[in-house]
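Q: 3D model of this:
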Amino acid sequence: MNFEPERTVFVRHLNNETTPETLKKVFEKYGIITRVLKIKGRGWGFVEFAELADAVNTLLLFQRGEKVIIDEWQIFVTAYKKRIKKRPAEV
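A: Next up, the predicted model:
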């Protein structure tokens, strides 16, 4: 996944029936979406915004208590943190 971390939010507690299209439609009210990834069977996904300001504003809204229900489940949104793969220790 090569998402732009600054413009991407992590969405969790997604219903398994929720599609990427539904996720995009819900988040379009916060700004222009460039990519959506919904991890099948995992209950989480990523939403990448075209503009940094839209991602930041979305995060602020959710930190201040914005509640969104998708397919009968309340979702939670946090900042996307890119994982860094650790190199094996040299002996």
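Q: which parts of this protein are strands?
A: Secondary structure of the chain (DSSP state E): strands at 8-12, 33-39, 44-49, 69-70, 73-74, 76-79.
Q: now for those strands, which one comes closest to Asn57?
A: Minimum separation from Asn57 across the strands of the chain (CB to CB) falls at strand 44-49, 9.1 Å. Every residue, glycine included, has its C-beta placed from N, CA and C.
Q: low pLDDT regions in the chain?
A: Confidence mapping of the chain against pLDDT under 70 gives the ranges 1, 83-91.
Q: in stretch 35-43, what counts as buried?
A: 35-36, 38, 43 (16 or more other CB atoms under 10 Å).
Q: now do the helices in this structure.
A: Counting by DSSP state H, the chain forms helices over residues 20-27, 52-63, given from the N-terminal end onward.
Q: can you tell me what sits against the first one?
A: Outside of helix 20-27, the residues within contact range by CB atoms under 8 Å, 6 or more residues apart in numbering are 9, 11, 14, 33, 36-38, 45, 47, 49, 58, 68, 70-71.
Q: between all of these, which two are separated the most?
A: Within the contacts of helix 20-27, Phe49 and Asp71 form the most distant pair, 21.7 Å apart (CB to CB).
Q: these two: who's more crowded?
A: Neighbours per residue, other CB atoms under 10 Å: of Phe49 and Asp71, the larger number sits with Phe49, 24 against 14.
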